[in-house]
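Chemist: Let's see this in three dimensions:
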Amino acid sequence: MSNAISWFEIPSTNFERAVKFYNELLDVELQPMEMEFKMAFFPYKDGGVGGCVTHGNGNTPSQEGTFAYLNGGDDLSIPLARVEKAGGKILMPKTSIGENGFMAIFLDTEGNRVAFHSMQ
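Modeler: Predicted coordinates for the structure are as follows:
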């Protein structure tokens, strides 16, 4: 097993708003797909960990329980600066975790507690 995580899903109550938030936050274009429910995929490379924003599959946004750490890039200060502009709220600013880099926690537009991680 090369990664403990192979997939993650971030639930939404308003799919379009959530996709717009993550597009702005990460400066990417999530790729939407509709099956039995709505999904919009975060970019990832083959063999990497992937994930999506979902709607209509019974998952409910939450500030409690398991939460995902998104890649903050070379310096998580850059995407973290976009959190409030995109409609989210910073819960914990960029914080050193010693030799493991930095982390920050935010609340997305749907009420999910999500984190960033970077080495700088």
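Chemist: quick one: residue 108 from residue 61, how far?
Modeler: 8 Å (CB to CB, to the nearest Å). (Glycine included, C-beta is placed from N, CA and C.)
Chemist: which residues do those two both contact?
Modeler: Residues within reach of residue 108 and of residue 61 at once, by CB atoms under 8 Å, 6 or more residues apart in numbering, are residue 10.
Chemist: Between these two, which has more neighbouring residues?
Modeler: Neighbours around residue 108 and residue 61, counted as other CB atoms under 10 Å, are more numerous at residue 108. The numbers are 22 against 17.
Chemist: quick one: contacts for that one?
Modeler: Contact analysis of residue 108 by CB under 8 Å, 6+ apart lists 10, 18, 21, 22, 61, 88, 114.
Chemist: cool, and residue 37?
Modeler: Going by CB under 8 Å, 6+ apart, residue 37 touches 54, 55, 56, 57.
Chemist: Burial check on the last one, number of neighbours?
Modeler: If you count neighbours by other CB under 10 Å, residue 57 ends up with 12.
Chemist: Hmm, it is touching residue 36, no?
Modeler: Yes - between residue 57 and residue 36 there is a contact at 7.4 Å, judged by CB atoms under 8 Å.
Chemist: quick one on the thing from earlier: and the contacts of residue 37, which of them are buried?
Modeler: Neighbour counting over the contacts of residue 37 (16 or more other CB atoms under 10 Å) leaves 54, 55 as the buried ones.
Chemist: Just the contacts of residue 37: which are in helices?
Modeler: Residues from these lying in helices, with DSSP state H as the criterion: none.
Chemist: Save the contacts of residue 37 as JSON lines, and put in distance to residue 5 too.
Modeler: Output for the contacts of residue 37, formatted as JSON lines (distance: CB to CB, whole Å):
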{"residue": "54", "distance to residue 5": "16"}
{"residue": "55", "distance to residue 5": "21"}
{"residue": "56", "distance to residue 5": "23"}
{"residue": "57", "distance to residue 5": "19"}
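Chemist: Keep only those of the contacts of residue 37 that are in strands.
Modeler: In this view, those that belong to strands under DSSP state E are 54, 55.
Chemist: Quick one: which of the contacts of residue 37 has the lowest pLDDT value?
Modeler: pLDDT across those is at its lowest for residue 57, which sits at 88.
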